[in-house]
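J.: Fold the following, please.
(one chain, ligands or ions: 3)
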Amino acid sequence: MGTVTDAGVTAPATSQAAPHQSQETDGFSLVIEALKLNGIDTIFGLPGIPITDLTRKMQAAGLRVISFRHEQNAGYAASIAGFMTGKPGICLTVSAPGFLNGLTALANATTNCFPMILISGSSEREVVDLAQGDYEEMDQLAIAKPLCKAAYRVLHAEDIGIGIARAIRTAVSGRPGGVYLDLPAKLFPQAIDAELGRKSLIKVVDPAPKQIPGQEAVQRALDLLKGAKKPLILLGKGAAYAQCDNDIKALIEKTGIPYLPMSMAKGILPDTHPQCASAARSFVLPEADVVVLMGARLNWLLSQGKGKTWGAANSKAWGKQKFIQVDISPIEADSNVRIDAPLVGDMGSCVAALLKGVEGYKAPTEWANAVADKKNGNIAKMAEKLKENPSPMSFHSALNIVRDVVKENPDCYLVNEGANALDFTRSIVDMYKPRKRLDVGTWGVMGIGMGFAVAAAVVGKQQVLAIEGDSAFGFSGMETETICRYNLPVCVVIMNNNGVYRGDEKSYGGSSDPSPLVFVKDARYEKLMEAFGGVGKHVTTPAELRAAIDEAFRSKRPTLINAVIAEGAGTESGRITSLNPTAKKK
Ligand code: ADP
Ligand code: TPW
Ligand code: MG
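T.: Ligands and ions are numbered 1, 2, ... in the order given. I've put the predicted structure just below:
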């Protein structure tokens, strides 16, 4: 920078204050500028060597830095922000232990196809590579590699722009997933010429390019579909992620095909939609003759496409269905059973192509009616159950309240984890809008609760309702402080049955220890929220639960409601008892 002289001429800076200092930039600034240039506005992380100053400078530069109490929760927050927005969620951690704490979330993001970038500071390469015992020494790049889509390291300040561009492209293009970006401590203070630095940054053009399906593949899918007597559309979270809700709705309504949403696809169309077959799941899966998988994998959640679920003779056998699979990944087809018509491309383009081609096709009315009959019968049965009012509360009587609340507040986010607390919520609480239900996903992982809740409130800017098993909550419970610190509109409801699955188990072998599955009886979790200035409520009836949630939604204050549920209300592993190996000899 020069100074304007009396004569109005700009003279070169001659001051002694380091002449070229102001023409330099450094790694700190370049990382921040590269992120900002690419529309990243929020960072989820936890400070410490070597990224402490980075978090300060990020905040100073106008990025929203949400600082957590444990990196795993910051990582989950970043991953779900990625799912909600289609932009990579960023998690920032320190080296070795901080990195490892964030890594679970990165692996989970990759498994769930959520775009996320884990940025970790790392120690001196020279020392790490010779295993000479640096502070928090670890070969983070090598460890991250098998757990994410790609892992990159930036050694030179002038490569920061490239590093971040590659990380963004990798996270969001094709099948989205996790990316690890390793930034060694030495990189941050590295100074380079400011102009050179500015020019090295890249604003990524078209980071998630459309992938148009081939015309032949579209025709094959349409031919199969149009011959179907009992078609079924299965919506997965890949369909929700793609944000082409209107076209999906049009495709379903135009064809009259019954559809089944996977957990996080609930709400693409309202669960109360006449074509929603959720309440007739065990009828439609074995009965359907052509199944259109849209952004859903035939993994364990769909019994790998085999067995009784699909009307097959035994657990290894295939059903009689034919499958159309719409997916962005070309290698997903045939992973478990034969896919007769793979349709590879981005969901938006594939749905648009199908929509154009289905003109004139309508699902046979006998099939649609059969599904509706089955469904209405089951809904009536459920309504009976929801009317019960036992003391202590059952999952049903408590969730009946949650069901009403979400119906009246369809914009709120519903975060959900636990076993029974998860399965009952999924089946009882209808969703009305897309990407509002955020849960344990593909791994059925416990611990996403408070991280997801923070991200939903920060990024989604709406009221959050987190329905948590008491065990599930424990994995991230300390983030109640984070929720209070940022004063987020998060209402946590703990379905407290005193344990994992249930709280009435006795100890084994005459041990004086409690059973491995139970917790302190009648724990007062609500005091945790009070400890940080939030609102705590202890409720034992549906009416009290309703009043407490209403008050939380009205005040928008951080609230934790400890809802007492009968100790014996749950079943082992919730709805997936069959996956649990048990000893033959008791
Ligand atoms: P669910 O658990 O809801 O069944 P999965 O996570 O198993 O869903 O499947 C999601 C699928 O969606 C993955 O196979 C992924 O490749 C796919 N997918 C993700 N994004 C897109 C997209 N934009 N277009 C098409 N498919 C997508
Ligand atoms: C990271 C295993 C699945 S569900 C669950 C555990 C520990 C808790 C169930 O108890 P909760 O719900 O939350 O009280 P409820 O209503 O049935 O009583 N560690 C991880 N992930 C998983 N899935 C487990 C352990 C598990
Ligand atoms: Mg429990």
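J.: Let me see the contact set for T104.
T.: Under the criterion of CB atoms under 8 Å, 6 or more residues apart in numbering, the neighbours of T104 are 72, 75, 445, 447. (Glycine included, C-beta is placed from N, CA and C.)
J.: what pLDDT, on average, does stretch 433-446 get?
T.: Regarding stretch 433-446, the rounded mean pLDDT is 98.
J.: if I look at the closest residue to ligand 2 within the stretch 201-350 of the chain, how far off is T111?
T.: Residue nearest to ligand 2 within the stretch 201-350 of the chain: W300 (12.6 Å; CB to the nearest ligand atom). From W300 across to T111, the span is 12 Å (CB to CB, to the nearest Å).
J.: The two: which is more packed in?
T.: More crowded of W300 and T111, by other CB atoms under 10 Å: T111, with 18 against 13.
J.: In space, what's closest to the more buried one - neighbours in sequence excluded?
T.: Once flanking residues are discounted, T111 sits nearest to T442: 5.0 Å by CB to CB, 6 or more residues apart in numbering.
J.: try N101
T.: N101 sits nearest to E71 (CB to CB, 6+ apart), 3.6 Å away.
J.: which is the next helix or strand following the helix or strand that contains E126?
T.: Using DSSP states H and E, E126 maps to helix 125-129. Counting by DSSP H and E, the element after helix 125-129 in chain order, helix or strand, is helix 140-144.
J.: Would you indicate which residues of that following helix are buried?
T.: 140-141, 144 (16 or more other CB atoms under 10 Å).
J.: hang on, the earlier thing: of the contacts of T104, list those near ligand 1.
T.: For ligand 1, no contacts are drawn from the contacts of T104 by CB under 6 Å from any ligand atom.
J.: Please report how far F424 lies from ligand 1.
T.: Distance from F424 to ligand 1, counting by CB to the nearest ligand atom, to the nearest Å: 19 Å.
J.: Just list the residues touching whichever residue of the chain sits closest to ligand 2, thanks.
T.: Of all residues in the chain, the one sitting closest to ligand 2 is G469 (2.0 Å; CB to the nearest ligand atom). By CB under 8 Å, 6+ apart, the contact set of G469 is 417-422, 446, 494-495, 497, 500.
J.: How about S315?
T.: Applying CB under 8 Å, 6+ apart, one finds that S315 lies in contact with 306-308.
J.: In JSON lines: these, plus neighbour count.
T.: As requested, the contacts of S315 are arranged in JSON lines below (neighbours: other CB atoms under 10 Å):
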{"residue": "K306", "neighbour count": "18"}
{"residue": "G307", "neighbour count": "17"}
{"residue": "K308", "neighbour count": "15"}
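J.: Give me the buried stretch members for the strand or helix carrying K375, please.
T.: Under the criterion of DSSP H and E, K375 resides in helix 365-387. Going by neighbour count (16+ other CB under 10 Å), the buried part of helix 365-387 is 367-368, 370-372, 374-375, 378, 386.
J.: ok, and what's touching it?
T.: Helix 365-387 has contacts (CB under 8 Å, 6+ apart) with 229-231, 256, 258, 274-280, 283-284, 287, 396-397, 399-400, 403, 427-428.
J.: Write a ChimeraX command that selects only the buried members of these.
T.: To isolate the buried ones among the contacts of helix 365-387 in ChimeraX, judged by 16+ other CB under 10 Å, type:
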select :230,231,256,258,275,276,277,278,279,280,283,284,287,396,397,399,400,403,427,428
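J.: Smallest distance to ligand 1 belongs to which residue of the stretch 201-350 of the chain?
T.: For the stretch 201-350 of the chain, CB to the nearest ligand atom, closest residue to ligand 1: G238, 1.9 Å.
J.: actually the stretch 1-150 of the chain, sorry about that
T.: C113 (4.5 Å).
J.: And that residue, what's its pLDDT?
T.: With respect to pLDDT, C113 scores 98.
J.: contacting residues for the spatially closest residue to it that is not a sequence neighbour?
T.: Leaving aside its chain neighbours, C113 sits nearest to P176 (5.1 Å; criterion: CB to CB, 6+ apart). Applying CB under 8 Å, 6+ apart to P176 gives the contacts 82, 86, 113-115, 208, 241.
J.: ok but E505 is inside a helix, no?
T.: No: the assignment for E505 (DSSP: H, G, I helix; E, B strand; the rest coil) gives coil, which keeps it out of a helix.
J.: where's it relative to ligand 1, distance?
T.: For E505, the distance to ligand 1 - CB to the nearest ligand atom - is 31 Å.
J.: that older thread, correct me if wrong: the residue of the stretch 201-350 of the chain closest to ligand 1 contacts L293.
T.: No: the criterion here is CB atoms under 8 Å, and G238 misses it with L293 at 9.3 Å.
J.: and for these two, which residues touch both?
T.: By CB under 8 Å, 6+ apart, G238 and L293 have these common neighbours: D327.
J.: before we move on, the earlier item: model confidence score at the residue nearest to C113, please.
T.: Confidence for P176, expressed as pLDDT, is 98.
J.: Can you tell me how far it is from V493?
T.: Counting by CB to CB - P176 and V493 are separated by 30 Å.
J.: do the same with Y486
T.: 20 Å.
J.: Do stretch 149-159 and ligand 1 come into contact?
T.: No: using CB under 6 Å from any ligand atom, stretch 149-159 never reaches ligand 1; the gap is at least 11.6 Å.
J.: Need the distance between the two termini of that stretch.
T.: Start-to-end span of stretch 149-159 (CA to CA, to the nearest Å) is 20 Å.
J.: can you list the residues that contact it?
T.: 25-27, 30, 110, 122, 125, 141, 144-145, 160, 162-163, 166-167, 170-171, 177-184, 187, 190-192, 196-197, 200.
J.: What subset of those is buried?
T.: Buried, going by 16+ other CB under 10 Å: 25-27, 30, 110, 122, 125, 141, 144, 160, 162-163, 166-167, 170-171, 177-184, 187, 190, 192, 197, 200, out of the contacts of stretch 149-159.
J.: Which strand or helix spans F99?
T.: Using DSSP H and E, F99 sits in helix 96-112.
J.: and that helix, which residues are buried?
T.: 96, 98-112.
J.: Now tabulate the buried residues of helix 365-387 in a markdown table and tack on distance to I565 and pLDDT.
T.: Below are the buried residues of helix 365-387 laid out as a markdown table (distance: CB to CB, whole Å; pLDDT from 0 to 100):
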| residue | distance to I565 | pLDDT |
| --- | --- | --- |
| W367 | 39 | 98 |
| A368 | 38 | 97 |
| A370 | 36 | 98 |
| V371 | 33 | 98 |
| A372 | 33 | 97 |
| K374 | 30 | 97 |
| K375 | 27 | 97 |
| N378 | 23 | 96 |
| L386 | 15 | 95 |
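J.: from the residues you listed, which single one is nearest ligand 3?
T.: Nearest to ligand 3 out of the buried residues of helix 365-387 is L386 (CB to the ion; 20.2 Å).
J.: Run the chain-centre distance for stretch 342-356.
T.: With CA atoms, centre = their mean, to the nearest Å as the basis, stretch 342-356 stands 24 Å off its chain's centre.
J.: Could I get the CA-only coordinates of it as CSV?
T.: Included here for stretch 342-356 are C-alpha records, laid out as CSV according to Å, rounded to 0.1, in the frame of the first residue of the first chain:
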residue,chain,number,x,y,z
PRO,A,342,-30.6,-49.7,-13.8
LEU,A,343,-31.1,-46.0,-14.4
VAL,A,344,-27.9,-44.2,-13.6
GLY,A,345,-27.8,-40.4,-13.3
ASP,A,346,-28.6,-37.7,-10.8
MET,A,347,-32.1,-38.0,-9.3
GLY,A,348,-33.4,-34.7,-10.8
SER,A,349,-32.5,-35.7,-14.4
CYS,A,350,-33.7,-39.3,-14.0
VAL,A,351,-37.0,-38.3,-12.5
ALA,A,352,-37.5,-35.6,-15.2
ALA,A,353,-36.9,-38.3,-17.9
LEU,A,354,-39.3,-40.8,-16.3
LEU,A,355,-41.9,-38.1,-15.9
LYS,A,356,-41.8,-37.3,-19.5
